[in-house]
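Trainee: Got a predicted model here, sequence first, then my questions.
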Amino acid sequence: MSESDIMLKQLEKYISCEQLVKSGDKVLLAISGGPDSIAMLVLFFRLRSIMNLSLLAVHVNHQLRGAESDADEQFVQDRCRHYNVPLITRKIKLAKESDLENQARIKRFEIFEHLLDCYQFRYVALAHHKNDQAETVLMNIFRGTGLRGLAGIKPKNGRIIHPLLCFDRDQILHYLAAGSIPYRLDRSNEDSHYRRNHIRNVTIPEIISGYNPDFINKINEQANIMREADALIHALALTHLKKLIIDQGGDFVSISIIHLRELKPLEQFYCCREVYRQLTGSEQDFYRKTMLSISQLYTSEGSKIVQLKKNVAVIRQYEQLVFTHVEIPDENVQPVVIDEDRSRLVFRNFRFFIRRVKILPKHAWEDRDKREIVLDEGKVIYPLTIRQRMDGDRFIPFGMRGIKKLKDFFIDEKVPKFDRDSIPILCDSAKILWVVGHRSDHRASVTEATNRYLIIRYEMISTVRKRAANRRISQGDKDEYYEL
């Protein structure tokens, strides 16, 4: 059996073992032009007929090396045409101040996600191999990550697959040399000022020469063990969550603090991270320090709140932790003044609509809900103001005769502490008119003698669908090149 056939069989076995793709799948191949991605292109070209795969290639030109970057793009076009694999290329521009690696990674994955959705492909295949795995694990060790970091690159992570993790760099280079298959080399990979390049070019060679010649295979074995351990603890966390979860909906999950305290710290971490994943769709940005801030809620009294990434908040309510999509209000938000002729305005996530009429529509009371009020305009003193609550706020809730502290009103209405600062207060020059979404003030209520009506309605901006007319396809932009 030839070297080429051995590599193909090894790839087929790995794909089957890790269940990366199945017959008939549509796979997007990320092709840079380097030896790893070209080897992947050739291997999947051969695998296409065996597994009945649909292939599409994508090349991202970062435009960082001028003519060399353009030459890489042309080379990939030629190679894909040679293997009859359709190709899409994209040019991107990076801010050259700092963190180019991370910038490039983020933009690449934005492109991948867009193409997967646009062409309804199932997976994007990246050409990382055993040496890349070793570099990643070492970097994560230096950063101080947990089990997930020590597990390194997953063979399959959502829509991303890494089919070449069963090969090391020497195998790939030997495969290309044996088949006289050309590839491009990126000179920036030799620049050891970049952290990953230093680990690749300096640290790992020193370990191999001074400690263990089989270091690459050994650290890959350890990564697999860590991946199995991570999966085991994650499965245990899912079992715990069946007992921990008290209630959940589309935008919140409530868990029991009492039962959470019964778990070991590592189990607590995995349970809370899984809840975060259920709300955001990703575990990214949930770290040990994230869990530390959450655990500090356990010893607090009353309602407390911690803001996490991706607009997720964790709120302590008695003996529950509520993970929800709530943004902590800005304490410095400025009031909005409403002149007499104003008909609409925005305050935080609220959009208000104001109408002044002399005849109240017959259906007004039937259709009205907590998002709308009708006031007697003759009892309103302009200008109006929309603001946050303030210490000492008082009003006369509709249907009552006595003045009530706003704080006491919120307590009686069982409005959580964390939610109170986000509720707009509509005032005129003398009094509160409306605790928005809750109750209007009795002093501005409509009577039989009312002859001028003030109708105020609001909607939440985050729930309003964007107009389809504002959407457009930008495939003709000058920074994009399509070849299909």
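Mentor: That came through fine. Note that the structure is predicted; figures quoted are calculated from it, not measured.

Trainee: could I have the helix or strand where residue 433 lies exported to CSV, CA atoms only?
Mentor: Taking DSSP states H and E as the definition, one finds residue 433 inside strand 432-435. Output of strand 432-435 as CSV, limited to C-alpha atoms (Å, rounded to 0.1, in the frame of the first residue of the first chain):
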residue,chain,number,x,y,z
ILE,A,432,-44.7,61.3,38.7
LEU,A,433,-47.1,60.4,35.9
TRP,A,434,-46.3,56.8,35.1
VAL,A,435,-44.1,54.1,36.6
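
Trainee: what helix or strand does residue 9 sit in?
Mentor: According to DSSP H and E, residue 9 maps onto helix 3-18.

Trainee: in the stretch 201-350 of the chain, which segments are predicted with low confidence?
Mentor: Along the stretch 201-350 of the chain, segments meeting pLDDT under 70 span 301-303, 326-332.

Trainee: all helices for it, in order.
Mentor: Counting by DSSP state H, counting those that start in this stretch, the stretch 201-350 of the chain has these helices, from start to end: 204-210, 215-244, 257-261, 265-280, 288-295.

Trainee: And for the stretch 351-484 of the chain?
Mentor: With DSSP H, counting those that start in this stretch as the criterion, the stretch 351-484 of the chain has helices at 364-367, 406-412, 417-420.

Trainee: what about stretch 179-189, average pLDDT?
Mentor: Regarding stretch 179-189, the rounded mean pLDDT is 89.

Trainee: quick revisit: following element in sequence after the helix holding residue 9, please.
Mentor: Sequence order places strand 26-30 as the next helix or strand after helix 3-18, per DSSP H and E.

Trainee: Buried ones in the helix holding residue 9, by neighbour count?
Mentor: Neighbour-count burial for helix 3-18 flags 7-8, 11-12, 14-15, 18 (criterion: 16 or more other CB atoms under 10 Å). Yep, even glycine has a C-beta here, placed from its N, CA and C like the rest.

Trainee: which helices and strands does it pack with?
Mentor: Where contact means 3 or more CB pairs under 8 Å, 6 or more residues apart in numbering; DSSP states H and E, helix 3-18 is packed against helix 35-51, helix 169-178.

Trainee: quick one: contacts of the one helix or strand residue 71 maps to?
Mentor: In this assignment (DSSP H and E), residue 71 forms part of helix 67-82. Around helix 67-82, the neighbours that count as contacts under CB atoms under 8 Å, 6 or more residues apart in numbering are 31-33, 38, 41, 57, 59, 61-63, 86-87, 89, 182, 184, 186-187, 481, 483.

Trainee: Please parse the protein into its domains.
Mentor: 3-213, 226-324, 336-463 (automatic domain parsing).

Trainee: For residue 220, which of those is the nearest?
Mentor: Across these, residue 220 has its closest neighbour in domain 3-213 (5.0 Å, CB to CB).

Trainee: one step back: if you compare the helices and strands packed on helix 3-18, which one is most tucked away?
Mentor: Ranked by mean neighbour count under mean count of other CB atoms under 10 Å, those are led by helix 35-51, which reaches a mean of 20.

Trainee: just checking, what packs against the very next helix or strand once past that helix?
Mentor: Next helix or strand after helix 35-51 toward the C-terminus (DSSP H and E): strand 54-61. On a contact count with 3+ CB pairs under 8 Å, 6+ apart, strand 54-61 meets strand 26-30, helix 35-51, helix 67-82, strand 87-91, helix 100-119.

Trainee: Looking at the first one now, give me its mean pLDDT.
Mentor: Read it as strand 26-30. 98.

Trainee: and the angle from it to helix 100-119?
Mentor: With axes from the mean of the first three to the mean of the last three CA atoms, to 10 degrees as the basis, strand 26-30 and helix 100-119 are set at 150 degrees to each other.

Trainee: what do you get for the fourth one?
Mentor: Going by the same axes, to 10 degrees, strand 87-91 is angled at 140 degrees with respect to helix 100-119.

Trainee: which helices and strands sit right next to strand 87-91?
Mentor: When contacts are defined as 3+ CB pairs under 8 Å, 6+ apart, strand 87-91 packs onto strand 54-61, helix 67-82, strand 480-483.

Trainee: Pick the most deeply packed of those.
Mentor: Of all the helices and strands packed on strand 87-91, strand 54-61 carries the top mean neighbour count, a mean of 22, counting by mean count of other CB under 10 Å.

Trainee: Would you list the strands that that one pairs with, along with their directions?
Mentor: Next to strand 54-61 in the sheet, as set by DSSP bridges, lie strand 26-30 (parallel), strand 87-91 (parallel).

Trainee: how about those strands in a markdown table, adding distance to residue 231 and mean neighbour count?
Mentor: What follows is these, written out as a markdown table (distance: least, CB to CB, whole Å; neighbours: other CB atoms under 10 Å):
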| stretch | distance to residue 231 | mean neighbour count |
| --- | --- | --- |
| strand 26-30 | 24 | 22 |
| strand 87-91 | 34 | 21 |
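
Trainee: quick one: residue 437 from residue 458, how far?
Mentor: For residue 437, the distance to residue 458 equals 8 Å [CB to CB, to the nearest Å].

Trainee: Counting neighbours, go ahead and name the busier of those two.
Mentor: Neighbours were counted for residue 437 and for residue 458 using other CB atoms under 10 Å; residue 458 has more, 23 against 15.

Trainee: Test my guess that the more buried one contacts residue 438.
Mentor: No: between residue 458 and residue 438 there is no contact under CB atoms under 8 Å: 11.9 Å.

Trainee: Quick check: phi and psi on the residue lying farthest from the centre of the chain?
Mentor: Residue farthest from the centre of the chain, counting by CA atoms, centre = their mean, is residue 449 at 54.5 Å. Note on residue 449: its backbone torsions stand at phi -90, psi -10 [degrees, to the nearest 10].

Trainee: Cheers, nothing more for now.
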